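> Requesting a structural model of the entry that follows:
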Amino acid sequence: MNTDASDQRSADRSLTLRPAVPDDLGEIAELYIATRRAVVPAMPAPVHDDTSTRAWVAGLATTKEIWVAEDDEILGFAVLDNAWLDSLYTGPQHQGTGIGSALLDLVKAQRPGGFALWVFASNTAARGFYHRHGLLELEHTDGSANEERAPDVRMAWPGTDPISYLRGQIDEVDDELALLLARRFALTASVQGYKERPGQPGRDLDRERAIADRMAAHAPGLGTAAIGRIMSTVIGESLDAYETGSDR
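Prediction:
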């Protein structure tokens, strides 16, 4: 979920931050709908109608941790899901008054070990807000995994011990990479039996370039050249493993 927030503070606002209760959900839904409409085109238009959105918000209380900022009415809210900040929104007419900053400070206090979130790449105001509050951009995607199919950015606040948080993120990626590489090696070995020239002699450099281009489209932050070098090594090692295995 992407965000819209401000970091300017208002000295004369009496703001209460508290956990949401079931009676808040209707007001939260209307604030969410109004904010999402107001922020277009910085964020893509919503893909769900208002009725579906209200039902989605009504279900949040059973699975997520919700906090609201209020001053006689709800002015903004944040939704937490374990180590993810799913949503942080300030109502359109209340932006620029420090509500987003107050909610984000609260989220940091609730998640001192760090948290991550997704923000649309086009939402430069939100990205700038998070940068100013110490968040890092960790990943850029083409948006193929989100409902709007719009490029997005994974950002993170690395918590009170940034090295531990970031190393934990690295460990998670390495574990996923190990499984993907094992699958990649096995598939490379399997296809060799159907090729006229198996192993290293049958390498198809045109196909390898096409692979790098396709992967770079999914992860534009890496670039085709870097992915090409990485995949050249992966393919080469896969073929070496196949040839070594077939000689046994």
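> Give me the domain ranges for this protein.
With domains defined by automatic domain parsing, the chain comprises 16-160, 165-246.
> Pick the most deeply packed of those.
Ranked by mean neighbour count, the domains of the chain are led by domain 16-160 with a mean of 17 (mean count of other Cβ atoms under 10 Å). (C-beta placed from N, C-alpha, C; glycine too.)
> could you redo the domains of the chain as JSON lines and give each row mean pLDDT?
Shown next, in JSON lines, are the domains of the chain (pLDDT from 0 to 100):
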{"stretch": "domain 16-160", "mean pLDDT": "96"}
{"stretch": "domain 165-246", "mean pLDDT": "95"}
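> On the three-state scheme, residue 146 is what?
Assigned by DSSP: H, G, I helix; E, B strand; the rest coil, the conformation of residue 146 is coil.
> my read: it touches residue 118, true?
Yes: Residue 146 lies in contact with residue 118 (Cβ atoms under 8 Å); the separation is 7.2 Å.
> Overlap in contacts, those two.
residue 152 (Cβ atoms under 8 Å, 6 or more residues apart in numbering).
> Relative to the whole chain's centre, how far out is the strand or helix carrying residue 33?
Counting by DSSP states H and E, the element that carries residue 33 is helix 25-39. With Cα atoms, centre = their mean, to the nearest Å as the basis, helix 25-39 stands 21 Å off its chain's centre.
> what's the next secondary structure element after it?
Immediately after helix 25-39, counting by DSSP H and E, sits helix 50-60.
> Give me the sheet partners of the helix or strand just after that following helix and which way each runs.
Scanning forward in sequence from helix 50-60 by DSSP H and E, the next helix or strand is strand 65-70. Here strand 65-70 has these sheet partners by DSSP bridges: strand 16-19 (antiparallel), strand 74-81 (antiparallel).
> now the helices for the chain?
25-39, 50-60, 99-110, 124-132, 162-192, 205-218, 224-246 (DSSP state H).
> Reformat those as CSV; add distance to residue 138.
Below are those laid out as CSV (distance: least, Cβ to Cβ, whole Å):
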stretch, distance to residue 138
helix 25-39, 23
helix 50-60, 25
helix 99-110, 17
helix 124-132, 12
helix 162-192, 7
helix 205-218, 16
helix 224-246, 16
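> of the ones you listed, which approaches residue 74 most closely?
Within the helices of the chain, the stretch nearest residue 74 is helix 25-39; the backing value is 4.8 Å (Cβ to Cβ).
> And that closest one, what does it pack against?
helix 50-60, strand 74-81, strand 84-90 (3 or more Cβ pairs under 8 Å, 6 or more residues apart in numbering; DSSP states H and E).
> now the angle from it to helix 124-132?
Interaxial angle, helix 25-39 versus helix 124-132 (axes from the mean of the first three to the mean of the last three Cα atoms, to 10 degrees): 110 degrees.
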